[in-house]
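**Q** the sequence isn't on hand, but the structure is:
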């Protein structure tokens, strides 16, 4: 069993334990969404027939959205999972030589994942102010760390290329399925910081860094494409 499948199994067990615990203890549930700035750690390689293209990745923007399930462990620690959809990838804008032609590409990879982080959060415990005998909303701060597993839904290499001769698979405006060049499973580490305001219903802001460190592919060369790196910025609501 590879690391990513083991992580998915751990998350499934965690969800089951949380669901059983919810029968006697309350959970915090909510929604989350935001934007991503992502790229790859290594150059993107595209191969088709006699074409072997290598491009230098740059940062691209995308988005994510999902659910929040939180379980408080103590005054300072809580566990959280966020089953989500996330889009990662990279942008490419550079000239290159192919079959004696100088071409210019303005393109990007778009990778769509089901994303499952398992997180431990350390929270500040600023006392909630009391007015008229009742606790009032307050702002708290937290640090986040954990692991994530992800499952690839689709991978596209798309954009425009100028100066390409007829017969090149990415001439003009193109959109090519490159799912075969990426592992089905992926996983890595998450680190972040955030703040939260509220009492019963809460709103929060969080910034995180994601780094892919292992994948579920059998071919080790797949790691060349699967090392995603991203900064995510989220707004979430706990109901």
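**A** Structure's in. What do you need? Model, not experiment: these values are computed from the prediction.
**Q** now tell me which helix or strand of the protein has the poorest mean pLDDT.
**A** Lowest mean confidence among the helices and strands of the chain (mean pLDDT, DSSP states H and E): helix 223-226, at a mean of 53.
**Q** quick one: secondary structure of residue 200?
**A** Assigned with DSSP: H, G, I helix; E, B strand; the rest coil, residue 200 falls in the coil class.
**Q** from here on, call the first residue 35.
**A** From this message on, residue numbering opens at 35, which makes the last subject residue 234.
**Q** phi, psi for it please.
**A** Main-chain dihedrals, residue 234, degrees, to the nearest 10: phi -80, psi -50.
**Q** please work out how many residues are found near it.
**A** By the criterion of other C-beta atoms under 10 Å, residue 234 has 9 neighbours. The C-beta positions use only the backbone N, C-alpha and C, and glycine is treated the same way.
**Q** for it, give its distance to residue 125.
**A** Here residue 234 is placed at a distance of 42 Å from residue 125 (C-beta to C-beta, to the nearest Å).
**Q** same question, residue 69
**A** For residue 69 relative to residue 125 (C-beta to C-beta), the value is 15 Å.
**Q** just how off-centre is the helix or strand hosting residue 64 within its chain?
**A** Using DSSP states H and E, residue 64 sits within strand 62-74. Distance, stretch centre to chain centre, for strand 62-74: 7 Å (C-alpha atoms, centre = their mean, to the nearest Å).
**Q** that strand: partners in the sheet, and parallel or antiparallel?
**A** Within its sheet, and counting by DSSP bridges, strand 62-74 is paired with strand 94-106 (antiparallel), strand 262-272 (antiparallel).
**Q** ok, residue 238 - how many residues close by?
**A** Neighbour tally, residue 238, other C-beta under 10 Å: 20.
**Q** over to residue 144?
**A** Neighbours of residue 144 under the rule other C-beta under 10 Å: 18.
**Q** buried stuff in the host helix or strand of it?
**A** Secondary structure from DSSP H and E places residue 144 in strand 135-157. Buried residues in strand 135-157, counting neighbours by 16 or more other C-beta atoms under 10 Å, are found at 137, 139, 141-147, 149-153, 155, 157.
**Q** quick check: mean pLDDT across stretch 123-131?
**A** If you average the pLDDT over stretch 123-131, you get 84.
**Q** ok, and what's touching it?
**A** Here stretch 123-131 makes contact (C-beta atoms under 8 Å, 6 or more residues apart in numbering) with 72-74, 78, 87, 89-94, 96, 136-145, 193.
**Q** how about 6 Å then?
**A** Stretch 123-131 is contacted by residues 72-74, 89, 91-92, 94, 136-145 when judged by C-beta atoms under 6 Å, 6 or more residues apart in numbering.
**Q** identify the bridge partners of residue 229.
**A** Counting by DSSP bridges, the residues bridging with residue 229 are residue 175, residue 239.
**Q** an error on my part: the question was meant for residue 74.
**A** In this structure, residue 74 bridges to residue 262 when assessed by DSSP bridges.
**Q** from what I can see it touches residue 91, true?
**A** Yes. In this structure, residue 74 is within contact of residue 91 by C-beta atoms under 6 Å, at 4.3 Å.
**Q** the two: which is more packed in?
**A** Remark: of residue 74 and residue 91, residue 74 carries more neighbours, 23 against 20, as counted by other C-beta under 10 Å.
**Q** I appreciate the help and will end here.
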